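A.B. asks: Sequence first, then the predicted structure:
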Amino acid sequence: MKKIEAIIRTTKFENVKVALEGIGMVSMTVTEVKGRGQQKGIKQQWRGAEYIVDLIPKTKIELVVEDSKVDIVIVTLAEAARTGQIGDGKIFVIPVERAIRVRTGEEGDSAL
Amino acid sequence: MKKIEAIIRTTKFENVKVALEGIGMVSMTVTEVKGRGQQKGIKQQWRGAEYIVDLIPKTKIELVVEDSKVDIVIVTLAEAARTGQIGDGKIFVIPVERAIRVRTGEEGDSAL
Amino acid sequence: MKKIEAIIRTTKFENVKVALEGIGMVSMTVTEVKGRGQQKGIKQQWRGAEYIVDLIPKTKIELVVEDSKVDIVIVTLAEAARTGQIGDGKIFVIPVERAIRVRTGEEGDSAL
Ligand SMILES: Nc1ncnc2c1ncn2[C@@H]1O[C@H](COP(=O)(O)OP(=O)(O)OP(=O)(O)O)[C@@H](O)[C@H]1O
Ligand SMILES: Nc1ncnc2c1ncn2[C@@H]1O[C@H](COP(=O)(O)OP(=O)(O)OP(=O)(O)O)[C@@H](O)[C@H]1O
Ligand SMILES: Nc1ncnc2c1ncn2[C@@H]1O[C@H](COP(=O)(O)OP(=O)(O)OP(=O)(O)O)[C@@H](O)[C@H]1O
Ligand SMILES: [Mg+2]
Ligand SMILES: [Mg+2]
Ligand SMILES: [Mg+2]
């Protein structure tokens, strides 16, 4: 099992959610975060002065999936989150050793 | 070391916290998240119309524990979080390679 | 690749951010969390009564970095986050198997 952790534009979240549903991936956990990448944030103008907004609100999506689903989730997620402009986000894959459904106590891929 | 990451009902958090204290597990990090599982959220009625609330507020608890504590933490946490109804939550176990206490710089199980 | 996950005092965040910039680490994701460590929170006085504030607001910083950067990030982060008082925080290191930049689709260390 793997955890796919994606930090994306908040404005792309609905699009990503629908795209993931389209491949049968409905379970997910969503967190509002802030972040910055290589550009150290973005420059903005305010009353003629330029300043850096260095931590931009982003949306983090976490999905724990069985190994065989990792590639299709990454491709689907990236395509749905992409605008082509800087700041589109990152996807990380992290190993998960066990998964348990609290209601039933069942464990393994069927608990996802 | 392992990170135990549990996404539970917000209403069960106090119960889980007390149960974990009962087995000596007091350290934890808590995040307010939103999520959905297999049911794609829940149906609600409003003025006669039915609509789907698809991202439900949940509470994420993260505990990094030594390997020998993983089983007791999972059992205790699941029991304290359970209502028997759909939406009780998930527990994931993720490997942790190192842990450092910032104040002292110490590393390893004694830093947890 | 590793994910360095640090839970620090919110008041130390700016200091940590600047210190990480100083070693060239600008990319990060930041989440507002609550937590407690070994002390089970802190005692506070209010109108003569003592009570426990057991979940204290903290700031979580996540940085995914290439393996060769892990040690310098940990040392820099811990030094910048330290006050010497209890509650300075924790740093955890978690394996990351893959990293993808959404805009370009590129994968690996160059995507960080
Ligand atoms: N190495 C990293 N570790 C942790 N979080 C990261 C990392 N890189 C990016 N992020 C998160 O992803 C968000 C989006 O990053 P961003 O897409 O700007 O990355 P980038 O490398 O600068 O790519 P681009 O050149 O397309 O902007 C950031 O705001 C941050 O939350
Ligand atoms: N595969 C998953 N990946 C990431 N988060 C998940 C996953 N499954 C569940 N979650 C999180 O756990 C929360 C609770 O899930 P839930 O208990 O409804 O799971 P379920 O599989 O539908 O089980 P049940 O049939 O008992 O409802 C979700 O709101 C979501 O935040
Ligand atoms: N084992 C752990 N698992 C998950 N989160 C933890 C753990 N230990 C600490 N944390 C997080 O780190 C924050 C700071 O912890 P803290 O620095 O008080 O740790 P401590 O072990 O009590 O060290 P100190 O004795 O220096 O206070 C907590 O509020 C919590 O969010
Ligand atoms: Mg960027
Ligand atoms: Mg469910
Ligand atoms: Mg403490």
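C.D. replies: Okay, I see it. Ligands and ions are numbered 1, 2, ... in the order given.
A.B. asks: Would you mind measuring from A:T76 to B:T10?
C.D. replies: 30 Å (CB to CB, to the nearest Å). Backbone N, C-alpha and C define where each C-beta goes, glycine included.
A.B. asks: quick one, which of these two is more surrounded?
C.D. replies: The residue with more neighbours, out of A:T76 and B:T10, is A:T76; 18 against 12, by other CB atoms under 10 Å in any protein chain shown.
A.B. asks: need the contact list for the more buried one.
C.D. replies: A:A19, A:L20, A:G22, A:I23, A:M25 (CB atoms under 8 Å, 6 or more residues apart in numbering or on different chains).
A.B. asks: Sketch out the low-pLDDT regions of chain A for me.
C.D. replies: Along chain A, the model assigns pLDDT under 70 to residues A:41-44, A:51-52.
A.B. asks: what comes up buried for the lengthiest helix in it?
C.D. replies: In chain A, assigned by DSSP state H, the helix with the most residues is helix A:70-81. Buried residues in helix A:70-81, counting neighbours by 16 or more other CB atoms under 10 Å in any protein chain shown, are found at A:V70, A:V73, A:I74, A:T76, A:L77, A:A78, A:A80, A:A81.
A.B. asks: Tell me how far the fifth one lies from C:P57.
C.D. replies: Looking back up the chat, that one is A:L77. A:L77 sits at a distance of 31 Å from C:P57 (criterion: CB to CB).
A.B. asks: now A:V30
C.D. replies: From A:V30 to C:P57 the distance is 20 Å (CB to CB).
A.B. asks: coming back round to it: just to be sure, which of the contacts of A:T76 are found in helices?
C.D. replies: Per DSSP H, the contacts of A:T76 map to helices at A:A19, A:L20, A:G22.
A.B. asks: Wait, the first one touches A:E79, no?
C.D. replies: What it means is A:A19. Yes. The pair A:A19 / A:E79 is scored as a contact, 7.1 Å apart, by CB atoms under 8 Å.
A.B. asks: Write out the residues of chain A neighbouring ligand 2.
C.D. replies: Applying CB under 6 Å from any ligand atom, we find that chain A lies next to ligand 2 at A:S27, A:M28, A:T29, A:E62, A:L63, A:V64, A:R101, A:R103, A:L112.
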